[in-house]
Each structure stands twice: as C-alpha cells, then as structure tokens.
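> Give me a model of this one.
(one chain, ligands or ions: 1)
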Amino acid sequence: MSNLGKNKQLTLAKHPNGLTQIDDFSIKEIDIPEIKIGEILIETHYVGVDAALRLIVRDSDEFLFRVQPGDIIHANIAGKVIASNNPEFNVGEFVNGSLGVQSFAISDGSNLEKCNIDLAPLGSWLGGFGVSGLTAYFALFDECKPQPGQTVLITGAAGAVGSMAGQLAKLAGAKVIGTTSSKEKCKWLIDELGYDVAINYNDDDWFEQLEKEASNRINIIFDNTGGFVMNEGLKLIAMHGVVLLCGSTSQYSQEKMDGPSNYIWLGSMRARLQGFVIFDYVERYSEARENMSNWINSGLLKIPEYCCDGDIGDFPETFGKLFEGKNLGKMLLRLPIAD
Ligand SMILES: NC(=O)c1ccc[n+]([C@@H]2O[C@H](COP(=O)([O-])OP(=O)(O)OC[C@H]3O[C@@H](n4cnc5c(N)ncnc54)[C@H](OP(=O)(O)O)[C@@H]3O)[C@@H](O)[C@H]2O)c1
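Here you go, the predicted structure:
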C-alpha cells in the first residue's frame, strides 16, 4: 500500500478541560499496513462530527466508552473499499462504521454497514440517513409516539438529530416547537424544515415565548441538550407527557454535570423521563430507512448537513465549531478525496 502514502490518525493528546482546544489532539502518521485474510482497507471520505465525543474524552470512569490520551479519536466514518481480502466486500463499495478519525482504516467487516449511495449520498449515511436520523426516528416514533394535535418541544432543534426529529414530528401531525441559539437558526428551522415555532434560548423572554406557544402544555420534550432549557421546559410538561433523554450536549464539557431541579413536575403530571440508546434498534434500521427514503423522494423530508472541507488535522477545529453551534443539521468533515 506504499503508493497511497501515509495514514493520518488523530489521537487524544490530553483530556480536555471545558471546551476542547486544538492542543488536546495530536496527529500521528503511520504506514498503511497490508490487509490480512478477511480484512478490507477503507479510504475515508467523510468523518461524522458528533457531540457525544466530548462526553467520551472526559477524564472520568463514569462512562462505558472512553478515549484515553494516545487513543485514536472515536468517530463514525464513511468511505470506499480500496482493497479487500474479504469475500463479503468488493473494491469500490461504500461503507460506514465506527473506525475513528483517520484517513485509512482496516476492518474485518464485522463493524461495517454498506452504504447504497442510490438511496442517499455517502455523507448522509453519517447523518440524517445514519445514526442521527435513525435516532430521531426511533426515539420519536417508538418511544414518544406523537399524536396529531399534540405539542412537541425539540431542544437542540437545529442539530443533526433535532433537525430530523422536528420534521418527523411534523409528519406525525404534531405542533412542533424548537429551541436553538440564534435568530438566524430559528428562521432556518421554520423556513426550511417546517417547524411551527422556533425560539432563541438566548432571548431574555425565551420561556415566556415558550409558555405562550405551548398554552395547552407540552406532550413530548425531545431533549438533545439538557441544561436550563430542558429544566424550565419541565414546568410545562402535559399530563402523561414524556421527556425523552436523547442527549445532554450542554453538560458534556461541564466539570460537574447538573440534573433537572424541576423534576417534581413529572410527579404531579404523571409524566415519564425516558432514556434512549439507538443501538437497541439496530435490527430495524432498514425499516426506518425505507420510510425515510419514501418521504425524501416525496419531498416530505430533508436531510440537513453542514459540510466542512478539510483534512484529518482539521477535525479539532471542526469539532470546536459544533460546540459554537455553527452547524445547521449534521456536521461533517469532508476529506479532499470525497466525491
Ligand atoms: N441516545 C442516542 O442514542 C443518541 C444518538 C445520537 C446522538 N445523541 C445525542 O443527541 C444530542 C444531539 O446530537 P447531534 O448529533 O444532533 O448533535 P448536534 O445537535 O448537531 O450538536 C451540536 C449542537 O448542540 C448545541 N449546543 C452546543 N453547545 C451547547 C450548550 N452548551 N448548550 C446547549 N446546546 C448546545 C448547538 O446548537 P444550538 O446552536 O442550538 O445551541 C450545536 O449546534 C447529543 O447530545 C448526542 O450525544 C444520542
């Protein structure tokens, strides 16, 4: 594989303190090893930029997945098979998997999904057509079960999961309210994704706006961020409502994580706080993709993406932009090789 050059890998230099800094990461260049029997070599085209990475690089033993100094940075990547010693995979096929931030990856195929780029472009297999969209689909339809006329609040509404969840809740006939960090992002949620209402949580009167728009209370809080938006939202939960804990982005870089002090509303409203992990639904991904593909083809569903062009070494800066809220939809790092 010497003609391909070196494999650039991004590793953790040290556990971050607060938001990640460029020097929390380091780049390593290694030879691309020869593939053994049963293995394939993948050239990375897209790297998914996921908020959860900040959680797993914490200096903490609390979480199942961890990245320690010296380890390759976890990420889902999508790319092309460029060499194969595995009869299940042909050169030229596209795949995605959790193979880390690196320009080439070797796999035995067990941790990979094939990407049919006739169904969705390759990058979308990391976003709306991948884990982000599947999370929105199953968390909403299987756990929250929105009904026509109900009110759904989506926090982190303009992010990878939120931008899909809001559209899906609209398809279910609900009134959909989203929260995000700027006037421009609010306008995008309404104009491009069909949200009924979008509220800038940086407005002084954001909660009064929410109270006014949710005058019949909120049946479903689809929570991507945790923090004060989720906590205040609990005061408006409806009878038998559900608060779906999809993610807690606001807490991932906090040294001490804060829980919701307004939980008492769940008791009086007979509401439930529901955890969720997408990997419980892996057997049903194709079912979701078939429905999403039909909605995309009918113009009922968009897959929002925010692509940053760059190389492996640009990942730390791109990850920083995610926590500045620069993205509309899924944040992707597109490597120069990508089509
Ligand atoms: N349970 C599961 O199986 C599962 C699967 C996938 C993802 N997740 C979780 O779902 C959540 C959303 O994931 P995603 O991929 O869609 O990420 P994302 O929303 O695209 O992530 C970035 C967004 O988070 C918001 N944000 C950043 N810092 C924040 C802060 N301090 N407070 C509040 N919001 C902040 C920003 O939006 P604003 O500009 O609006 O602030 C930013 O655009 C994450 O917590 C992720 O870990 C869970």
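
> tell me the contacts of the residue of the stretch 201-339 of the chain at minimum distance from the ligand?
Of all residues in the stretch 201-339 of the chain, residue 247 sits closest to the ligand, at 2.0 Å by Cβ to the nearest ligand atom. (C-beta placed from N, C-alpha, C; glycine too.) By Cβ atoms under 8 Å, 6 or more residues apart in numbering, the contact set of residue 247 is 51-52, 156, 161, 223-226.

> can you check residue 70 too?
11-12.

> mind running it again at 6 Å?
Residues near residue 70 by Cβ atoms under 6 Å, 6 or more residues apart in numbering: residue 11.

> SS state for it?
Assigned by DSSP: H, G, I helix; E, B strand; the rest coil, the conformation of residue 70 is coil.

> what do you get for the one 5 residues further on?
Of the three states, residue 75 takes coil according to three-state DSSP.

> if we can go back for a sec, and the contacts of residue 247, which two are the farthest apart?
The span of these, defined through Cβ to Cβ, is set by 52 and 223 at 14.3 Å.

> More neighbours: those two, which one.
A count of neighbours by other Cβ atoms under 10 Å puts residue 223 above the other of residue 52 and residue 223, at 31 against 15.

> Any figure for the gap between that one and residue 284?
Residue 223 sits 22 Å away from residue 284, going by Cβ to Cβ, to the nearest Å.

> Check residue 18 too.
Counting by Cβ to Cβ - residue 18 and residue 284 are separated by 38 Å.

> quick one, which of these two is more surrounded?
Set side by side, residue 18 and residue 284 show more neighbours around residue 284, with 13 against 10, by other Cβ under 10 Å.

> nearest residue to that one other than its sequence neighbours?
What sits nearest to residue 284 in space, not counting adjacent residues and going by Cβ to Cβ, 6 or more residues apart in numbering, is residue 138, at 7.1 Å.

> Also residue 326?
Distances taken as Cβ to Cβ, 6+ apart place residue 306 nearest to residue 326, at 7.1 Å, with adjacent residues excluded.

> And what about that neighbour, helix, strand or coil?
strand.

> So what's the residue count around it?
By other Cβ under 10 Å, 20 other residues sit near residue 306.

> Give the bridge partners for it, please.
residue 331 (DSSP bridges).

> Correct me if wrong: it contacts residue 324.
No. Assessed by Cβ atoms under 6 Å, residue 306 is found out of contact with residue 324, at 11.9 Å.

> Please enumerate the helices of the stretch 151-300 of the chain.
160-171, 183-193, 206-213, 227-233, 264-268, 285-297 (DSSP state H, counting those that start in this stretch).

> right, and the residue nearest to residue 284 touches residue 282 too?
No. Using Cβ under 6 Å, residue 138 makes no contact with residue 282, being 10.1 Å away.

> Looking at the two, which one has more neighbours?
residue 138 (20 against 9).

> That one and residue 277: what is the separation?
Relative to residue 277, residue 138 is positioned 10 Å away (Cβ to Cβ).

> Can I get the least confident helix or strand in the chain by mean pLDDT in PDB? Just the C-alpha atoms.
Lowest on mean pLDDT, DSSP states H and E among the helices and strands of the chain sits helix 53-56, with a mean of 91. These are the backbone C-alpha positions of helix 53-56, laid out as PDB (Å, rounded to 0.1, in the frame of the first residue of the first chain):
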ATOM      1  CA  LEU A  53     -17.300  12.700  21.600                       C
ATOM      2  CA  ARG A  54     -16.900  15.400  24.200                       C
ATOM      3  CA  LEU A  55     -18.500  13.000  26.700                       C
ATOM      4  CA  ILE A  56     -16.200  10.100  26.000                       C
END
